[in-house]
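Asker: Sharing a sequence plus its predicted fold:
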Amino acid sequence: MSHSGTLPATLPQDPMPIFEAWYREAREHKVQPNPDSMVLASATPDGTPAARVVLCKKVIANPGYVVFFTNYDSRKGHELAANPRVAGVLHWDTMSRQVRIEGRVVFCPPEESDAYFSSRAIDSRIGAWASLQSQPLDSRATLLKRVAIEAARHGTAPTRPPHWGGYHFWLEAVELWCEGAFRVHDRARWTRTLQPSGNHAYTPGPWQATRLYP
């Protein structure tokens, strides 16, 4: 499945409707094995970077954030707690599209994390209890033993562990890219400011758009 095309000649004020439409189309058409895949880059306070693939579970066009879930006690969780500035990339090769995003993370409201956790397969919920994510593991047998212990302890209705939940990744920058023939791609970047507004939100300023050389 290939998608040709370009960005609008006059860039829209807000990039999020295009981002959300691309994301929805990728998921609806299952354009690759996991269209939710997003490379998430974080850094320690002294600037040491790290990147890994997480699953982008939602794109919220208004007011402009994406949602992912993970173990808060993992390496990424500790890095996000110390430095909430992050960047991400979603690349849909078969659609010839890419989205780069930058911004800051805050915790999801607990009820949102609870709702998503309860929607997961039971084996995944048990795994969230069993895995001490990013910590040293002496053998796979130890992990499987922990899985069996947690399965027996929680039965068929495991609740969300306190160390597991979601983040809202609020966007300060969005870059949209469409592949073009002979590397004459179409590329544009939008930026805005964010002001903290409570524990789980920001108040965003208006977007500013700029077309870029590819």
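Answerer: In hand now; what should we look at?

Asker: and the longest strand that the chain contains, what does it pack onto?
Answerer: Counting residues, the longest strand in the chain under DSSP state E turns out to be strand 164-178. Strand 164-178 makes packing contacts with helix 16-29, strand 65-71, strand 97-107, helix 110-119, strand 186-191 when contacts are defined by 3 or more CB pairs under 8 Å, 6 or more residues apart in numbering; DSSP states H and E. In short, each C-beta sits where N, CA and C put it, glycine included.

Asker: Can you say which of those is nearest to T210?
Answerer: T210 sits nearest to strand 186-191 of all these, at 5.3 Å, using CB to CB.

Asker: Please tell me how far V39 sits from V105.
Answerer: Going from V39 to V105 by CB to CB, to the nearest Å gives 15 Å.

Asker: Looking at these two, which has the bigger crowd around it?
Answerer: V105 (22 against 14; other CB atoms under 10 Å).

Asker: residue ranges with poor pLDDT in the chain?
Answerer: For the chain, applying pLDDT under 70 flags the ranges 1-4.

Asker: In it, which residue is most central in space?
Answerer: C56 (3.8 Å; CA atoms, centre = their mean).

Asker: Can you list phi and psi of that residue for me?
Answerer: Dihedral angles of C56 (phi, psi; degrees, to the nearest 10) stand at phi -80, psi 110.

Asker: I figured it hits Y23, correct?
Answerer: Yes. C56 lies in contact with Y23 (CB atoms under 8 Å); the separation is 7.3 Å.

Asker: Show me whatever sits in contact with both of these two.
Answerer: Residues touching both C56 and Y23 (CB atoms under 8 Å, 6 or more residues apart in numbering) are L90.

Asker: Can you say which of the helices and strands packed on strand 164-178 is nearest to T159?
Answerer: helix 110-119 (7.8 Å).

Asker: how much distance is there from the closest one to the middle of the chain?
Answerer: From the chain centre to the centre of helix 110-119 is a distance of 16 Å (CA atoms, centre = their mean, to the nearest Å).

Asker: Quick one: list the elements packing against it.
Answerer: Under the contact criterion of 3+ CB pairs under 8 Å, 6+ apart, helix 110-119 touches strand 65-71, helix 122-130, strand 164-178.

Asker: Contacts for the shortest one, please.
Answerer: In other words, strand 65-71. Counting by CB under 8 Å, 6+ apart, 38, 40, 54-60, 76-77, 88, 101, 103, 108, 112-113, 116-117, 128, 131, 133-134, 163-171 sit against strand 65-71.
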